[in-house]
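Undergrad: From the sequence below, what's the structure:
(2 chains)
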Amino acid sequence: ILNVEQSPQSLHVQEGDSTNFTCSFPSSNFYALHWYRWETAKSPEALFVMTLNGDEKKKGRISATLNTKEGYSYLYIKGSQPEDSATYLCASTEVQGAQKLVFGQGTRLTINP
Amino acid sequence: DTGVSQDPRHKITKRGQNVTFRCDPISEHNRLYWYRQTLGQGPEFLTYFQNEAQLEKSRLLSDRFSAERPKGSFSTLEIQRTEQGDSAMYLCASSPGTSGYNEQFFGPGTRLTVL
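TA: Residues are numbered from 1 along each chain as shown, chains lettered A, B, ... in the order given. Here you go, the predicted structure:
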């Protein structure tokens, strides 16, 4: 895996608005895509693990989609709340080896009340 | 089980000193990973253990770094002769299986500042 990219790097959203951000990853040797939420002074928390092309997962107001053929995933947050403020990280794992996570640089989301 | 714990949470040291961090994984998780995050970047893989065996080390892990996982339980990461470039957040994660589909559970990290 050469590079996992996330955009935008930071985002300010008004409370109540919906938002989304992107993770792109190399599609060769792809095995799984992980999304994490990392709040300041806390542990990164797993949101989703996806492997199949076309996969869609949902947890409350947060959902994610996966396109393994073109190498991207979207994370959506509906009706943003102040508690959604965090850094959102995506990470890819390869088919073989350590299954280590290769992370993007993260999207820092701030919800303005 | 209370999750993955790391100690200390913060460490300030002077350049040239040695430091050691500890990670206690979730019980019975056989995989343990160490990652490092520097400012503005995502976490980067350093090394991982399958039970007590250290199976892979990143090129980021210079010979000043050593990690152990005696008895396949807790793990330590030691940095000798610290340099200012070692300042970072050091994260530990554990996983119950060997598949890339398995979730990795992270600790809160140890933030190292080298003066």
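Undergrad: okay, CA-based contacts and neighbour counts for the rest of this
TA: Noted.
Undergrad: Residue A:108: what's it in contact with?
TA: A:9-11, A:85-88 (CA atoms under 8 Å, 6 or more residues apart in numbering or on different chains).
Undergrad: Are any of these buried, and if so which?
TA: A:9, A:11, A:85-88 (16 or more other CA atoms under 10 Å in any protein chain shown).
Undergrad: Reformat these as JSON lines; add pLDDT and secondary structure.
TA: Below are these laid out as JSON lines (pLDDT from 0 to 100; DSSP: H, G, I helix; E, B strand; the rest coil):
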{"residue": "A:9", "pLDDT": "96", "secondary structure": "coil"}
{"residue": "A:11", "pLDDT": "95", "secondary structure": "strand"}
{"residue": "A:85", "pLDDT": "97", "secondary structure": "coil"}
{"residue": "A:86", "pLDDT": "97", "secondary structure": "strand"}
{"residue": "A:87", "pLDDT": "97", "secondary structure": "strand"}
{"residue": "A:88", "pLDDT": "98", "secondary structure": "strand"}
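Undergrad: what about the residue nearest to residue B:13 when sequence neighbours are not counted, neighbour count?
TA: Spatial nearest neighbour of residue B:13, excluding adjacent residues (CA to CA, 6 or more residues apart in numbering or on different chains): residue B:114 at 5.1 Å. Using other CA atoms under 10 Å in any protein chain shown, the number of residues around residue B:114 comes to 17.
Undergrad: pLDDT wise, what is residue B:114 at?
TA: The model reports residue B:114 with a pLDDT of 98.
Undergrad: Ok, residue A:6 next?
TA: pLDDT, residue A:6: 97.
Undergrad: What of residue B:60?
TA: For residue B:60, the pLDDT comes out at 84.
Undergrad: Next one: it from chain A, what distance?
TA: Per CA to the nearest CA, to the nearest Å, residue B:60 is found 14 Å from chain A.
Undergrad: residues in contact with that residue?
TA: Counted by CA under 8 Å, 6+ apart, residue B:60 has contacts residue B:46.
Undergrad: Give the helix, strand or coil label for it.
TA: Following DSSP: H, G, I helix; E, B strand; the rest coil, the label given to residue B:60 is coil.
Undergrad: Check residue A:49 too.
TA: Applying three-state DSSP: residue A:49 is strand.
Undergrad: From what I see, it and residue B:101 are in contact.
TA: Yes - look at residue A:49 against residue B:101 with CA atoms under 8 Å: they come within range, at 6.6 Å.
Undergrad: Name the residues contacting each of those two.
TA: Contacts common to residue A:49 and residue B:101, judged by CA under 8 Å, 6+ apart, are residue A:32.
Undergrad: what's the burial count for residue A:36?
TA: As a measure of burial, residue A:36 has 21 neighbours, counting by other CA under 10 Å.
Undergrad: Given the host helix or strand of it, what are its sheet partners and their directions?
TA: If you go by DSSP states H and E, residue A:36 is part of strand A:30-38. Here strand A:30-38 is paired, per DSSP bridges, with strand A:45-50 (antiparallel), strand A:86-94 (antiparallel).
Undergrad: Now do that strand, average pLDDT.
TA: Here the average pLDDT along strand A:30-38 is 94.
Undergrad: What of stretch B:80-98?
TA: pLDDT averaged over stretch B:80-98 gives 94.
Undergrad: where does chain A come near chain B, residue by residue?
TA: A:31-32, A:34, A:41-46, A:49-51, A:89, A:93-95, A:98-106 (CA under 8 Å from any CA of the partner chain).
Undergrad: Appreciated, that's everything.
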